[in-house]
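A.B. asks: predicted model and sequence below, questions to follow.
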Amino acid sequence: MDKVAVFGGSFDPVHNAHIQIAELALSVFKLKKLIFVIAYMPPHKIRSYANVQDRIKMLNIAIKGLKKTEISLFEILRQETVYSYETLNYFQDLYPEDEIYMIIGSDSLIELPMWKNIDYLANKYKFMVAKRPGIEISKNTKYLDRTVFIDKEIKNISSTKIRKLIKENSKNASFFLNDKVYNYIIKNKIYK
């Protein structure tokens, strides 16, 4: 049975840690495919800042040349909040012979008990967890038995911080982004 990983997020903007997670998941778990799913409106966020078309373009730029990856517009095309269990069910239907995993950060692992239909989700699917700096996972963490870890700790990068730096005209934002993504943001005055 092959592994297919679903990596959801607002990608607002997509940054180097997102790409690092994807590269590690692909190599460590020998994935058949990694699917980036751009959220129309994540359930836990009030709003996104870049429009959908810009988020799609930035993600396309960032993953160019990254083998075994694709972008799904499943959630965007629904034009409503889509919950993780719905997204994973969609991909399980597309890949019935494969094992579907969801990529999340260790901070999200701690928050899983608050997710909609989490018991159903955790019983049917598994989680690939990227270790974030400063997040400790105890042996009592719920759903740990449904989890595999990407052992290498990922860079501590925040899309919120990047948006703030860009708004302040700080060139430091470029340290966290693919050069072409950064140039796209500046050229199109995103986050200004």
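C.D. replies: Looks like it arrived, so ask away.

A.B. asks: so where do the helices sit in the chain?
C.D. replies: Counting by DSSP state H, the chain has helices at residues 16-28, 52-63, 74-78, 84-94, 106-111, 118-124, 159-167, 179-187.

A.B. asks: quick one, what contacts Leu34?
C.D. replies: Leu34 makes contact with 4-5, 7, 22, 25-26, 68-70, 103, according to Cβ atoms under 8 Å, 6 or more residues apart in numbering. C-beta coordinates here come from the backbone N, C-alpha and C atoms, glycine included.

A.B. asks: make a ChimeraX selection of the buried ones in those.
C.D. replies: The buried subset of the contacts of Leu34, as determined by 16 or more other Cβ atoms under 10 Å, is captured in ChimeraX by this line:
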select :4,5,7,22,25,26,69,103
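
A.B. asks: quick one on the thing from earlier: out of the helices of the chain, nearest to Lys131?
C.D. replies: helix 106-111 (5.2 Å; Cβ to Cβ).

A.B. asks: what are the buried residues along the closest one?
C.D. replies: By 16+ other Cβ under 10 Å, the buried positions in helix 106-111 come out as 106, 108-110.

A.B. asks: which of those residues sits closest to Asp119?
C.D. replies: Leu109 (15.2 Å).

A.B. asks: without its sequence neighbours, what residue ends up closest to the closest one?
C.D. replies: Closest residue to Leu109 apart from its sequence neighbours, by Cβ to Cβ, 6 or more residues apart in numbering: Val129 at 5.2 Å.
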